[in-house]
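Asks: A predicted structure for the sequence below; I have some questions about it.
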Amino acid sequence: MNEPNVTVVDHPLVQHKLTLMREEDTSSAQFRTLLKEISLLLTYEVLRDIPVEMRPIRTPMEEMQAPVLAGKKLAFISVLRAGNGLLDGMLDLVPSARVGYIGLYRDHETLLPVEYYFKVPKDMEDRLVIAVDPMLATANSITAAIDRLKEAGATNIRFVCLLAAPEGIKALSEAHPDVQIFTAAIDSHLNENGYIIPGLGDAGDRMFGTK
């Protein structure tokens with residue numbers, strides 16, 4: 001599919017690590033490590049165009065003007081619980097970022113999200129907000145999460161996921177056409193239970209060894 005608001009990060013390292021994550025015999029420990037490693041690579045792409053400003057510094061050789069990040073600190077927002085797998089790697093790369101959490105779970109009967117926790121940084125309207133959740137399936141959860149972020153004042157939002165289904169991309173794009181989507185792969189479709197096919201199973205369960 002060719003959606004203008006979707007970026008597929010197809011770097012060979014990303015694709016290799018994603019293949020290892022898809023394999024059903026990959027352990028929870030390996031899965032978490034791979035997800036953290038992929039998140040670093042995805043972060044490079046999602047932050048490629050963030051603004052910088054010049055400031056004077058002194059190197060061991062001389063004074064110079066050098067670039068530093070400009071504006072308010074970034075806000076990383078994890079959609080619990082699986083979002084934390086991406087969040088950890090992103091914070092390794094940008095440790096000064098502010099962090100928020102949105103607790104949502106999917107009702108397995110209706111496939112609709114149920115919110116149980118919401119805590120985000122102040123001044124959301126002045127920050128680039130990166131929402132993270134490994135799977136973009138039905139898009140019900142991330143759509144609800146972005147609704148809440150906008151209610152909190154966020155106006156510049158990007159979404160980072162590991163895998164996306166075409167149905168999820170379509171639903172999120174229709175609900176929030178201003179949100180850029182970054183993913184490592186777009187899979188075939190959703191099954192009757194709302195899981196991505198071929199996918200990698202439930203990311204949260206595979207991260208934490210639960211079922």
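Replies: Received the coordinates, thanks.
Asks: got a list of contacts for the worst-scoring helix or strand of the chain on mean pLDDT?
Replies: Ranked by mean pLDDT, DSSP states H and E, the weakest helix or strand in the chain is helix 203-208, scoring a mean of 87. Helix 203-208 is contacted by residues 21, 26, 28, 31-32, 35, 81-82, 85, 134-135, 162, 200, 210-211 when judged by C-beta atoms under 8 Å, 6 or more residues apart in numbering. C-beta here means a position set from N, CA and C on the backbone, and glycine is covered the same way.
Asks: Pull that helix out as PDB, backbone CA atoms only.
Replies: The C-alpha trace of helix 203-208 is given here as PDB (Å, rounded to 0.1, in the frame of the first residue of the first chain):
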ATOM      1  CA  ALA A 203       3.700  -8.700  21.500                       C
ATOM      2  CA  GLY A 204       3.000  -8.100  25.200                       C
ATOM      3  CA  ASP A 205       2.700 -11.800  25.900                       C
ATOM      4  CA  ARG A 206       5.900 -12.600  24.000                       C
ATOM      5  CA  MET A 207       7.700  -9.800  25.800                       C
ATOM      6  CA  PHE A 208       6.700 -10.900  29.300                       C
END
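Asks: Could you list the low-pLDDT ranges of the chain?
Replies: Across the chain, the ranges flagged by pLDDT under 70 are 1-2, 111, 211.
Asks: change it to 80
Replies: 1-4, 105-113, 211 (pLDDT under 80).
Asks: ok now the least confident helix or strand of the chain, how far from the chain's centre?
Replies: Once both centres are worked out by C-alpha atoms, centre = their mean, to the nearest Å, helix 203-208 turns out to sit 16 Å from its chain's centre.
Asks: Give me the PyMOL select line for the contacts of helix 203-208, limited to the buried ones.
Replies: The buried subset of the contacts of helix 203-208, as determined by 16 or more other C-beta atoms under 10 Å, is captured in PyMOL by this line:
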select buried, resi 21+26+31+32+35+81+82+85+134+135+162+200
